[in-house]
Every structure is written in C-alpha cells, then in structure tokens.
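**Q** What follows is a predicted structure for the sequence shown.
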Number of protein chains: 2
Amino acid sequence: MRRAALGPGPEFDVLRRIISRQPDTAGGIGGRVVVGPGDDGVVIRGEYFAISTDMSIEGVHFRRDWLSPREIGYRSAVAALSDLAAMAASPVGVLASIGAPGEAGSALVEEIADGIGEAATANGALVLGGDLNRTLGPVVVDVIVIGDAPSPALRDGARPGDALWVTGTLGGAGAAVAAWLTDRSPDAAAVRAFRRPVARTAEARWLADRVRLNALIDLSDGLAGDAGHIAAASRVGIVLDPQRVPIHPALGGYAVEEALAIALGGGDDYELCFAARDGEVDAIADEFQQSFGIRLTCVGTVIEGEGVLVRTADGALRPPPASGFTHFARSDP
Amino acid sequence: MRRAALGPGPEFDVLRRIISRQPDTAGGIGGRVVVGPGDDGVVIRGEYFAISTDMSIEGVHFRRDWLSPREIGYRSAVAALSDLAAMAASPVGVLASIGAPGEAGSALVEEIADGIGEAATANGALVLGGDLNRTLGPVVVDVIVIGDAPSPALRDGARPGDALWVTGTLGGAGAAVAAWLTDRSPDAAAVRAFRRPVARTAEARWLADRVRLNALIDLSDGLAGDAGHIAAASRVGIVLDPQRVPIHPALGGYAVEEALAIALGGGDDYELCFAARDGEVDAIADEFQQSFGIRLTCVGTVIEGEGVLVRTADGALRPPPASGFTHFARSDP
C-alpha cells in the first residue's frame, strides 16, 4: 500500500494519528490497496465492487448522552458495513466523512474514528481515508463501505412460497431507544444492543455459500419496513407470523403487543432477513447457530400479492402494527 | 443496470424521483453497473477504482444565502469530483449522503440531489445511490465519487528542478467569500466562481495523456496549502513566484498584496496544480488553452528542502502570506 505523507495542519495531524493506528496490512487486503490514505483518494484493485454509504446524525440516529464518541463511530460503521452484509459482500475498505464541533486535534474526532476503525477491523476491512470537518451543528458521521461482491445477493428475487428468515433477535436496540425516549432506564442488554450492534457480514457470506438467497436485506428500518422493501423489489407479498418473531430478551418486561411493535418497527437491529425456497434453510439452521452463536428463525412466507401483512392469532391478515423508521416522516426523536 | 424497486415511504419517493431523472445509461458506464440504485448498495465492475469522499457543511463550507439548494448540491459534487481530477481518474459513479431539515418529499433534498446529478453528468458519471436523512442541524452533503484509475497521478513524485503549474485562475471563489464575510457585494464573476466551480476531470486526463505528472493535486485549500501537500508528500520544497500566479479577474479591484493572499490562501478554486519536469509542459500549453479555454501557468519551482516559500520582488524567500483553509483551526465563517 502506498501512503502519501500529509501536509502540515491540525486536520492532518488527526488524520496522521488515525492512519498510524491501522493494523499492519502487508498481504491480504493491503496488497490490493494501490494507493492508501494521504492522497486525494484511495485506489483499490478489484473486479466487482459493492459500495454503500450510510449517514448517522446526532439527534436523529443517536444522542451524545446515549453513546460515547467511540460508540458513535463504531455504530455508524456497523450501520454501513451491514449494507455490505445485506449484499453478501466481503468488506474490503471503509472511508469516513466526519463533521464534529471542536478545536484542532479534537479528541472527539479521534475517538469517533477509533470506533470506526474497530468496526472495520472486526469485519476484515481497512480504514482507507476520509474527510474531517468542523461543524457548528450536530455530529455527523458518513461511513462509506467497499466490498467484494462477485455475486451479490439482492432484494428482488423472492418468490411466492419462499420462507422468510431472520438472524438473531429483534427489538433490542428499539427497546433501549423506547426507554430513553420515555425517561425510563433501559435494560442493560438493550443498551448493549443499541451501542454495540454487529454487522452480519460473516453470517451473510456463510449463508450465501450454502443457500440460494432469493432476497437478502439487513434490518435497519425494522422487520416490517425492511420486509416491505423485499416485497416491493420482488413484486410479491410477505406474511409475517408474529408468534415466531424472535423477540430480544430485553423486551421481556413489555406487554406482548408492545414488544412486537418494537421488534417489528424499532429498527437498528442490523440482523439479516432473507427469503429462500421453503425447506432449504432448515437443514443448516443448527450449524449456523453453532458457528455464530445466534439463531436462524423462520418468521414468515412469501405470497403472491404486494406489501407486508401480519397473521393474527385467529388466522386473519392485517397490516403491521408499526411502520419502519422513516427519516423524512417521523417526529423528532 | 439492475435497479430494484424501492419500498413504500416518503424517503423512497424522493429517491425514486431522483433516480428516474438519471440519463439513459444503456452501454457506456451503465453497462458496468451490475447493481444500480435501489438495493443496499451498488455493484460496479472495474479493475482499478479511485474512491474519495468530500463533506460540505452549511455554515462551514457555504451558507444558504450564498447558494441555492441546487448550487449546494452542484458545488458539493464538484468538490468531490475534483478529487478524482486530482488523481487523473475518470469519473464513473457518484453516491451522496444528504442531511437536510424538512418534511417528507422535501423540495430542498430533491434540488440538492438535482445539483449533484448535474455535476455528475457534466463529468461523465452516474448518480448510483445515496442516503437521505432528516437533520435538525445544518444541511450536510457528503459526496462519494468513484473513478477508473489504472495509473493514478499522485502527490509524491515531485522532484527538485520540476516546474509547478496551475490551470485557470485563482482566487475567484475566495473573492466572493471575502466580500460576503465583510458585508460587501461580491463581483458577479466571483459569485459565479464560487457557485459554479468546474471539476477539471477532463483537463487532468488530457494532461496525464501528454505529460508525466510527477505530482498532481486539486486546489481546494488554496495554492499555498495544497502546494504544501505536494511538498510534504514528495519530501521537497516548493518556491512560488507570486508575480506569475494567475489572479482571477474578480480580484482586479483589490490591492496587489490582498489579491495575492486570497489567490494563495482562499481555497475552493478546484483548479489543478501539478509538478512536471522543467520544459515539458510549455510545448502543450497552447493546445491546452485551445482545448479547454483556460490557461496553463507556471507558478513556481520544486527545490530540495521542505515546505512552501514565496519569492518576493527583491528575490528573497519568505513564508506564504496566508495559510490554507483549515477546518479545525480557522475562525467561524
């Protein structure tokens, strides 16, 4: 990897320190980085690149009394890396644009960048560059992720009769936000789910190697909303079975209906949701659980039609209890 | 290009409209876009990809009484595309993360996105995706650019004896900002330089095809600051000759010293600055001017040493009059 020396100035001092903390990259991904941090951009060798960008804004996606600076960075990067998981892409590199208040060499910016670096390393990616800016407004972190995707898993191939599966449990992060917004103390497990989510990049690759994923998405908007994206892209309907939705343990103290609303609409779980031919996943579910320590759960079925419906206890179909997280529509957090 | 249908919701209505206004992409770059807008990320085929990210924040990089929403988008995208020019990379695609106040289907976001699309199209790139968010703070636009860079031009190869050249004229955008910040009316040409900068992507490719560019950078921080990046990366010194710096006509009304300070330190010109062996560029300067309608000017020389110095009228060397734009150090705009 070729790294340029940066010019003088406090912005570049911060960049220099961030870059110097990168893991040694001889071989592996580092060998594919033709131009590394320090020039006007990075240059990577590849063949099929998946690229996604995800912006996290203080006051919208998080509050600074909810997250440490390092957690802000970590969580912002996981949100972006989760988009690579949602394509069954293998992470390669991460860039980050950060806007933060404060002076030259700000510890805030460095701690945010360290959190981004931690998430990148955990997912096998290198921090390749970025853009640091002072702002007078809320903290803004935009994380750009680059992955190898020779055969990306998309959203548009779900077929009537497919089973809909999710990884892990849902609603943990939503439980923390729901508690904070109503001035209650969230469960420690809920706080952890919000602060330390996991991008399921390894899980997605594992699944893609074993099952034909007719549609794959990550759960950032809540199961109801994200299943809606699969339904729209695949031009099918999806019926969710609420009795089977794996509710996060942190929602144990909630009434059933409320727990379900948070699990279906809370967002920020970053679990995977995928459609596969009925019967194809059951055979690998145990091995998945042994490999990753989380479960695969079938939560619904794909039907002819459109949109997402929920099957009630008496077998009737109704709209989901809560819509997904919609930035341009919801009230202030 | 494969485009997924997006799910329901006002955020996605905005995305749908933005995507629908893309130019027809059959063949050309479109044929290399394996997965286009609408999925969790895009997938592009390539070999050597240059990637860069550039964040523009209201109150730091622009004010909303200085720029229309469309100009905010256009200018943010040019700032990012200029980083591709600075590597002599050919633009392929653009992604944008936008944070903006306002309600569902906001005209503000759409106009910003239209400006980004205009700049992308002008530089031969497609808008491939992005992330739209509501914010309670200032408008934030992060533009991610992707280009082909089989042989990128870097910053680190300037050698003592090289000549330092710039394209176009310097200080136009700085003149507008200087006037606005002191409650004067800027010259119309200065306003245009600030609102409608040009990313010199075609110029950079043209030069790279004809001259060995030992070092190349774009002028976003001002000539003094950016020459400093070349000097640091190449481990050389640079001497600027202020008498030769091509001052933007909008600075005609300024005292010589003040005009020079703005031209050297004002930033946001997005012209190219490059080092090449002495004598190699002169032979193509006329053809460059005929091709692009702007001039190539030799503004200095590379020496053994470090840092950037300015040659005064009596031949002495002194530090530049103003430092480059430093986000984490300068006072509020």
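**A** Happy to help now that I have it.
**Q** make it CA atoms for all contacts and neighbour counts henceforth
**A** Noted.
**Q** For the stretch 101-250 of chain A, which segments are assigned as strands?
**A** Here the stretch 101-250 of chain A has its strands, by DSSP state E, counting those that start in this stretch, at A:126-134, A:140-148, A:163-167, A:215-218, A:237-240.
**Q** If we go by neighbour counts, what in the host helix or strand of residue A:260 is buried?
**A** Residue A:260 is located in helix A:256-265, with elements delineated by DSSP states H and E. For helix A:256-265, a neighbour-count test (16 or more other Cα atoms under 10 Å in any protein chain shown) marks A:259, A:260, A:261, A:262, A:263, A:264, A:265 as buried.
**Q** which one of these is nearest chain B?
**A** Nearest to chain B among those, counting by Cα to the nearest Cα, is residue A:265 at 13.6 Å.
**Q** With adjacent residues omitted, what lies nearest to that closest one?
**A** residue A:222 (4.3 Å; Cα to Cα, 6 or more residues apart in numbering or on different chains).
**Q** For the stretch 151-300 of chain A, what lies in contact range of chain B?
**A** With Cα under 8 Å from any Cα of the partner chain as the criterion, the stretch 151-300 of chain A meets chain B at residues A:152, A:154-156, A:217, A:225-226, A:228-234.
**Q** any chance of those residues in JSON lines, with pLDDT and neighbour count too?
**A** Converted to JSON lines, those look like this (pLDDT from 0 to 100; neighbours: other Cα atoms under 10 Å in any protein chain shown):
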{"residue": "A:152", "pLDDT": "94", "neighbour count": "25"}
{"residue": "A:154", "pLDDT": "94", "neighbour count": "26"}
{"residue": "A:155", "pLDDT": "95", "neighbour count": "30"}
{"residue": "A:156", "pLDDT": "94", "neighbour count": "25"}
{"residue": "A:217", "pLDDT": "97", "neighbour count": "30"}
{"residue": "A:225", "pLDDT": "93", "neighbour count": "27"}
{"residue": "A:226", "pLDDT": "95", "neighbour count": "28"}
{"residue": "A:228", "pLDDT": "95", "neighbour count": "25"}
{"residue": "A:229", "pLDDT": "95", "neighbour count": "28"}
{"residue": "A:230", "pLDDT": "97", "neighbour count": "33"}
{"residue": "A:231", "pLDDT": "97", "neighbour count": "31"}
{"residue": "A:232", "pLDDT": "95", "neighbour count": "24"}
{"residue": "A:233", "pLDDT": "95", "neighbour count": "22"}
{"residue": "A:234", "pLDDT": "97", "neighbour count": "23"}
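**Q** Please flag which of those sit within helices.
**A** Among those, the members falling in helices (DSSP state H) are A:225, A:226, A:228, A:229, A:230, A:231, A:232, A:233, A:234.
**Q** residue ranges with poor pLDDT in chain A?
**A** Within chain A, the stretches with pLDDT under 70 are A:1-12, A:14-16, A:18-20, A:22-28, A:103-105, A:322-333.
**Q** End to end on stretch A:58-76, go ahead and measure it.
**A** Using Cα to Cα, to the nearest Å, one end of stretch A:58-76 lies 11 Å from the other.
**Q** Quick one: residues in contact with it.
**A** Contact with stretch A:58-76 is made by A:54-56, A:108-109, A:111-119, A:138-143, A:195-197, A:327, A:332-333, B:134-136, as judged by Cα atoms under 8 Å, 6 or more residues apart in numbering or on different chains.
**Q** The same query, at a cut-off of 7 Å, please.
**A** Applying Cα atoms under 7 Å, 6 or more residues apart in numbering or on different chains, the external contacts of stretch A:58-76 come out as A:56, A:108, A:111-116, A:118-119, A:138-141, A:143, A:195-197, A:333, B:135.
**Q** Drop anything exposed from the residues you listed.
**A** Here, 16+ other Cα under 10 Å leaves A:56, A:108, A:111-116, A:118-119, A:138-141, A:143, A:195-197, B:135 buried among the contacts of stretch A:58-76.
**Q** Now, those residues that are in helices?
**A** When DSSP H is applied, these are split such that A:108, A:111, A:112, A:113, A:114, A:115, A:116, A:118, A:119, A:195 fall in helices.
**Q** so what's the fifth one closest to, chain neighbours aside?
**A** Pointing back at residue A:114 there. Nearest residue to residue A:114, sequence neighbours excluded (Cα to Cα, 6+ apart): residue A:70, at 6.2 Å.
**Q** Is the one you found located within a strand, as I assumed?
**A** No: Residue A:70: not assigned to a strand; according to DSSP: H, G, I helix; E, B strand; the rest coil it is helix.
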